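S.K.: this is a predicted model, with the sequence first.
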Amino acid sequence: MTVTTGARALVILTAYVESTTGGIAYMGFAVSGATTIAAGDTTALRRTMGTSTSTGGVQDSAIFVVSSLNAGSNTFTLQYKTNGDHTATFANRSIIVIPLN
């Protein structure tokens with residue numbers, strides 16, 4: 001998603017997330033264009049699965065204020081990862097970016 005921003009933006013991530021038992025699944029975002037920011041664990045929707053096989057997945061959202069943007073055209077791209085050799089499912093995914101003044 002490409003948005004013209006000032007120095008700050010509100011980012012809302014939403015997804016159904018499920019990982020294998022004992023795994024951690026992350027859905028974060030990177031920023032490119034006027035600003036370059038790598039995806040990070042602290043700005044990710046995160047699902048930690050328990051040790052039970054019946055823990056299941058969750059549809060959830062996470063909200064972040066990004067305050068280190070350069071004004072201009074910034075592209076926000078979803079990024080995914082898991083810990084170790086675990087696998088994950090991501091569905092019903094969305095990213096909403098709202099420029100803040």
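M.R.: Nice, thanks for sending it over. Numbers count the residues shown, from 1 in each chain.
S.K.: look up how far Gly56 lies from Ala39.
M.R.: With distances taken as C-beta to C-beta, to the nearest Å, Ala39 is found 25 Å from Gly56. C-betas here are computed from N, CA, C, even on glycine.
S.K.: now swap in Ala71 and tell me
M.R.: Ala71 is 42 Å from Gly56, by C-beta to C-beta.
S.K.: what does stretch 93-101 contact?
M.R.: 1, 3-6, 8-16, 27, 29, 65, 74, 76, 78 (C-beta atoms under 8 Å, 6 or more residues apart in numbering).
S.K.: now do 10 Å
M.R.: 1-17, 27-29, 31, 45, 61, 63, 65-67, 69, 71, 74-78, 80 (C-beta atoms under 10 Å, 6 or more residues apart in numbering).
S.K.: and the helices in the protein?
M.R.: Under the criterion DSSP state H, the chain carries no helices.
S.K.: starting at the chain centroid, how far to the helix or strand of the chain with the lowest mean pLDDT?
M.R.: Every helix and strand in the chain was compared by mean pLDDT, DSSP states H and E; the lowest is strand 45-48, with a mean of 90. Centroid displacement of strand 45-48 relative to its chain, using C-alpha atoms, centre = their mean, to the nearest Å, is 9 Å.
S.K.: just to revisit the earlier point, of Ala71 and Gly56, which one has the most company?
M.R.: Ala71 (13 against 10; other C-beta atoms under 10 Å).
S.K.: for Ala7, see how far away the more buried one is.
M.R.: Counting by C-beta to C-beta, the gap from Ala71 to Ala7 is 6 Å.
S.K.: common neighbours of the two, please.
M.R.: Thr35, Pro99.
S.K.: thinking again about what came up before, the contacts of stretch 93-101 in strands, which ones?
M.R.: Of those, the ones assigned to strands by DSSP state E are 2-5, 8-17, 27-29, 31, 45, 61, 63, 65-66, 74-78, 80.
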